[in-house]
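Asks: build me a model:
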Amino acid sequence: MDPLLKLTIAWSLAALFAASTLHKLLALSEWPGVIRNYRLLPDALTPAAAAMLLCAGALTAAALLWAPARKWGACAAASQLVLFCAALWVNIRRGRTHIDCGCFGLRLRQGLSRWMVARNLVLALAALALLLPTSRRELEAVEFAVAFLCVATLAFLYPVLSIVLQPAPPTYDENYRISAAQRAD
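Replies: Purely as a prediction, here's the structure:
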């Protein structure tokens, strides 16, 4: 793999994990509730799981930035992304698409959808691509700038795509049926 591509992927994933961790830290009181809403763990384990996921996200970002630890960071990123895929998929199959995914804290609340599963699988594959051998060519100074600009562009496009690809909100009729069903319960 070309070292410029590898660096761009590593920095992009590091930025993603760092931003996600930062947003969760900014809404720290809400974060355990997000984990609890997935209903995958007993309530007693939720605070520990929330703390572990925050630490894992921060450590993954750091490992992806530090070249000697990049392979560990790639494995950690892929593992977490696959774990998130599984959590999303279980809840989508349960019909629980209305819960907040928790990806970026309170600022970008969004329900669960199949495209999120696909997105996380693509990101996991990108992380695993970092395990491929790198060509021996040395990066030039301008290529570091190119990698940085690519990461900055992707950082801008990521939330835009999240909004554009989000499923349409329920129609008035769907809202009426949901509220009528809730009143009947």
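
Asks: any stretches of the protein with poor pLDDT?
Replies: In the predicted model of the chain, residues 105-109, 159-170, 175, 185 satisfy pLDDT under 70.

Asks: helices along that one, start to end?
Replies: Ranges of helices in the chain, per DSSP state H, are 3-26, 31-37, 46-65, 70-93, 114-129, 141-164, 172-184.

Asks: can I get these in JSON lines including mean neighbour count and distance to Asp100?
Replies: Where C-beta positions appear, they are placed from N, C-alpha and C, glycine not excepted. Shown next, in JSON lines, are those (neighbours: other Cβ atoms under 10 Å; distance: least, Cβ to Cβ, whole Å):
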{"stretch": "helix 3-26", "mean neighbour count": "20", "distance to Asp100": "12"}
{"stretch": "helix 31-37", "mean neighbour count": "18", "distance to Asp100": "6"}
{"stretch": "helix 46-65", "mean neighbour count": "18", "distance to Asp100": "14"}
{"stretch": "helix 70-93", "mean neighbour count": "18", "distance to Asp100": "11"}
{"stretch": "helix 114-129", "mean neighbour count": "17", "distance to Asp100": "12"}
{"stretch": "helix 141-164", "mean neighbour count": "13", "distance to Asp100": "13"}
{"stretch": "helix 172-184", "mean neighbour count": "9", "distance to Asp100": "17"}
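
Asks: I'd like these as a markdown table, with distance to Cys103 appended.
Replies: Compiled in a markdown table, the helices of the chain are given as follows (distance: least, Cβ to Cβ, whole Å):
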| stretch | distance to Cys103 |
| --- | --- |
| helix 3-26 | 6 |
| helix 31-37 | 9 |
| helix 46-65 | 11 |
| helix 70-93 | 8 |
| helix 114-129 | 8 |
| helix 141-164 | 8 |
| helix 172-184 | 24 |
